[in-house]
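A.B. asks: A structural model of the following input is requested.
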Amino acid sequence: MKDGKPTILSIQSSVAYGHVGNSAAVFPLQRLGVEVWPVLTVHFSNHTGYETVRGPVLPAADIADVVRGITERGVLGRCDAVLSGYMGSPALGGTILETVETVRKSASGALYCCDPVMGDTDRNFFVKPDLADFIRDRAVPSASIITPNQFELEFLTGTPIADLHDALKAARRMIERGPRVVLLTSFLRATGSKDDVIELMAVTAEGAWISATPRLPIAVNGCGDMTAALFLAHFLIHGDPAEALWRTVSSVFAVLELTCHTGSREIELIAAQDAIAHPPERFFAEKVA
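C.D. replies: Numbering: from 1, shown residues only. Below you'll find the model as predicted:
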C-alpha cells in the first residue's frame, strides 16, 4: 500500500451517462485517494433501465487482454485488491477469477471483493441461473469480502432472513465457505425493526456490527456499486470492519439524501463528493455480536 493508500483493480461495467458499475465506483475511490485501475466489461451509453441503451459488450478475451497488458507493466505487486460487480456471464466470471489468481501470485495479501449482483427482493433474479450458480459456487468462495443484499444472501446460503438471528446465521455460514467479511447491504427485518429504517451489517469471524439509517423514498442505480467500492477502500485503509461500515454508510446516505432532494434519476456523486472524501460523523456502527 503506497503512502497508506491502496490500489484497486476494478473490473466492472461503464456508462457514459450516469453512474453505475465503474462509473459509480472509480470516482468515489479516487476521492478517497485510492489508485484505481478500471477494467471495463461494457461501455454503454447509459444504464439498461432506460428506454434505450447503446454501446458494446466487451468479450471476455478482450478483458483478459487488458489485464494481460497491466501485468506486462510489472505493477501487479502494488495491487491491494480486485473489485468486481455485475458479471454478465460465467465466461466473464471465469476471467475475473483468473485475474484474482494472477494478482495474488504477485501480491500475496491482495483481497478480492465480490459484489454478487444477481437480484433483489422487488425484482427477483435478473441474471440467468447458470450465472447465479457460478457466483454462488465459484466466485463467492474465492472472495475475501462479499457485499450481497438481503435477497442475494438468502440465495447464497439457502437461509430465509427475517430477523437479526437469521442474518447473523446466514453471514456466518458464508464465512465458513471462504470470505473473511460479509457486508449485508440492505437488511430489512420482518420483525424487530422499524419500517422506516434500513440497516447495513458487517460480519467477520470476530464479531458483527450494524449501522442503521432512515429509509429514503428513492430507487436509483449504482448505489450498490458505490457501497461495495467504499467499503473495500475503507477496510483496506483502516483495517477495521466497524469503521469501514460507518464511514461507508455515512457517505452513501449523504449521496442518496442529496439525490432524493434533487429528484435525480442518477446518484449525485459529484455534488456530494465532499461527503465521500470526508464521511460525516452521522451514523455509527453498533456491535451486535
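A.B. asks: and the helices in the stretch 51-200 of the chain, which stretches?
C.D. replies: Counting by DSSP state H, counting those that start in this stretch, the segments of the stretch 51-200 of the chain that form helices are 60-72, 90-106, 129-134, 140-142, 150-157, 164-176.
A.B. asks: single out the most deeply packed of those helices.
C.D. replies: Sort those by mean neighbour count, taking mean count of other CB atoms under 10 Å, and helix 150-157 sits at the top with a mean of 22. (Each C-beta comes from the backbone N, C-alpha and C, glycine too.)
A.B. asks: how far off centre is that one?
C.D. replies: In terms of CA atoms, centre = their mean, to the nearest Å, the centre of helix 150-157 is found 15 Å from the chain centre.
A.B. asks: helices and strands around it, which ones?
C.D. replies: Applying 3 or more CB pairs under 8 Å, 6 or more residues apart in numbering; DSSP states H and E, one finds that helix 150-157 contacts strand 119-120, helix 164-176, strand 181-187.
A.B. asks: nearest to Gln12, of these?
C.D. replies: Closest approach to Gln12 among the helices and strands packed on helix 150-157 (CB to CB): strand 181-187, 15.9 Å.
A.B. asks: ok, residues contacting that closest one?
C.D. replies: Strand 181-187 is contacted from outside by 120, 144-150, 153, 161, 167, 171, 174-175, 198-204, 210, 224, 227-228, 231, 235, 241, 245, using CB atoms under 8 Å, 6 or more residues apart in numbering.
A.B. asks: the helices of the stretch 51-200 of the chain into JSON lines, with extra columns for distance to Pro6 and mean pLDDT?
C.D. replies: JSON lines is the format used below for the helices of the stretch 51-200 of the chain (distance: least, CB to CB, whole Å; pLDDT from 0 to 100):
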{"stretch": "helix 60-72", "distance to Pro6": "16", "mean pLDDT": "97"}
{"stretch": "helix 90-106", "distance to Pro6": "13", "mean pLDDT": "97"}
{"stretch": "helix 129-134", "distance to Pro6": "27", "mean pLDDT": "96"}
{"stretch": "helix 140-142", "distance to Pro6": "19", "mean pLDDT": "97"}
{"stretch": "helix 150-157", "distance to Pro6": "25", "mean pLDDT": "96"}
{"stretch": "helix 164-176", "distance to Pro6": "22", "mean pLDDT": "96"}
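A.B. asks: want to try a markdown table for these, with distance to Tyr17 as columns?
C.D. replies: Below are the helices of the stretch 51-200 of the chain laid out as a markdown table (distance: least, CB to CB, whole Å):
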| stretch | distance to Tyr17 |
| --- | --- |
| helix 60-72 | 22 |
| helix 90-106 | 23 |
| helix 129-134 | 26 |
| helix 140-142 | 31 |
| helix 150-157 | 27 |
| helix 164-176 | 35 |
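A.B. asks: of those, which is nearest Ala271?
C.D. replies: Using CB to CB, the helices of the stretch 51-200 of the chain put helix 150-157 closest to Ala271, at 28.8 Å.
A.B. asks: Leu58: neighbour count?
C.D. replies: If you count neighbours by other CB atoms under 10 Å, Leu58 ends up with 19.
A.B. asks: report the contact partners of it.
C.D. replies: By CB under 8 Å, 6+ apart, the contact list for Leu58 reads 40-43.
A.B. asks: how about these, which pair is most distant?
C.D. replies: Thr41 and His43 (8.7 Å).
A.B. asks: is Pro214 bridged to anything, and to what?
C.D. replies: Counting by DSSP bridges, Pro214 forms beta bridges with Val197.
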